[in-house]
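Trainee: What follows is a predicted protein model with its sequence.
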Amino acid sequence: MDSQQLNGRVALVTGGDSGIGKGIALAMAKAGAKVLVNYAHNHEAATEVVNEITSAGGEAFAYQADVSHEQDVQGMFAKLVETYGGIDILMNNAGLQQDATFVDMTLDQWNKVINVNLTGQFLCSREAAKQFIKQGVTDGRNAAGVILCMSSVHEVIPWAGHVNYAASKGGISMFMKSIAQELAPKKIRVVGIGPGAIQTPINKEAWDTPEALDKLLTLIPYGRIGQPEDIGKLAVWLASDDADYITGTTIFMDGGMTLYPGFADNG
């Protein structure tokens with residue numbers, strides 16, 4: 001382990017077994033944090049992340065919990081406190097898509113995405129905030145704790161065919177800002193991360209062929225697709241004391257996707 005921006009901190013990364021979550025878990029461990037790698041179903045993948053961290057000299061363990069279930073979340077936080085004594089960073093990353101045209105979208109598809117993507121962040125953030133308040137600001141720290149909320153460019157860019165997903169991300173934006181306002185006097189920072197197109201399994205169809213990637217790149221002025229490592233580096237910085245004066249806003253990391261590149265030569 002080299003950079004130690006998060007040395008001695010304890011982090012919980014939901015959905016840390018793959019994609020962006022895996023990138024963040026690895027980055028936080030590399031920066032010196034002890035990490036709980038949460039997963040919903042894929043024990044083998046989560047174990048691989050833990051093994052990668054521990055083989056590099058870090059500390060981590062995996063824990064299965066469905067973030068949309070209150071008892072699962074409470075059990076996960078109890079285990080984290082039992083294992084590491086507390087928590088300093090919550091990375092609300094768990095999320096999914098269940099896509100359909102609006103008129104064909106089922107209530108189950110709507111509820112599943114809202115429950116995991118939005119209600120899951122509520123449940124985890126509530127437990128983290130309770131623990132942060134209980135712990136207070138410890139010696140050598142600027143904040144009592146940091147909550148990072150994984151959002152998306154689709155908190156501001158509408159997305160036809162993905163109404164449930166876009167609604168969940170728009171909800172995360174106002175959820176993040178509202179709890180940031182409420183928790184700031186308690187020295188708890190809350191920040192959103194808004195990735196653009198990141199090369200992960202959730203959007204494999206968008207980059208898996210040269211043709212698909214070329215089409216995707218027309219939406220990205222910077223001309224490349226993002227990597228989980230990009231988001232991992234941002235999450236580490238936002239969780240560190242170097243970002244201590246940032247709260248209640250979303251940091252977009254999207255290669256310029258929110259610049260609406262379709263208007264570049266159409267003004």
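Mentor: Received, thanks.
Trainee: what's the first-to-last distance across stretch 154-169?
Mentor: 6 Å (C-alpha to C-alpha, to the nearest Å).
Trainee: Can you pull out the low-pLDDT segments for this structure?
Mentor: In the predicted model, the chain carries pLDDT under 70 at residues 1-3, 267.
Trainee: in it, which strand has the most residues?
Mentor: If you go by DSSP state E, the chain has its longest strand at strand 188-195.
Trainee: Do I have it right that Ala167 meets Met105?
Mentor: No - using C-beta atoms under 8 Å, Ala167 is not in contact with Met105, being 10.7 Å away. (Glycine included, C-beta is placed from N, CA and C.)
Trainee: show me where the stretch 101-250 of the chain has strands.
Mentor: Using DSSP state E, counting those that start in this stretch, the strands found in the stretch 101-250 of the chain span residues 145-150, 188-195, 250-253.
Trainee: quick one, which of the ones you listed is packed in tightest?
Mentor: Across the strands of the stretch 101-250 of the chain, averaging neighbours per residue (mean count of other C-beta atoms under 10 Å) puts strand 145-150 on top, at a mean of 27.
Trainee: Alpha carbons only: can I get that one in CSV?
Mentor: This file holds the C-alpha atoms of strand 145-150, laid out as CSV (Å, rounded to 0.1, in the frame of the first residue of the first chain):
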residue,chain,number,x,y,z
GLY,A,145,-17.6,11.1,9.1
VAL,A,146,-18.2,11.3,5.3
ILE,A,147,-21.1,9.9,3.3
LEU,A,148,-20.5,9.6,-0.4
CYS,A,149,-23.6,9.0,-2.6
MET,A,150,-23.1,7.4,-5.9
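Trainee: any idea how far that strand is from the chain center?
Mentor: For strand 145-150, the distance between its averaged C-alpha position and the chain's averaged C-alpha position is 8 Å (C-alpha atoms, centre = their mean, to the nearest Å).
Trainee: Report the strands that pair with it, each with its relative direction.
Mentor: In its sheet, strand 145-150 lies beside strand 89-92 (parallel), strand 188-195 (parallel), with partners assigned from DSSP bridges.
Trainee: who's in contact with that strand?
Mentor: 20, 87-93, 95, 121, 125, 128-129, 131-132, 135, 172, 175-176, 179, 183, 188-193, 195, 235, 238-239 (C-beta atoms under 8 Å, 6 or more residues apart in numbering).
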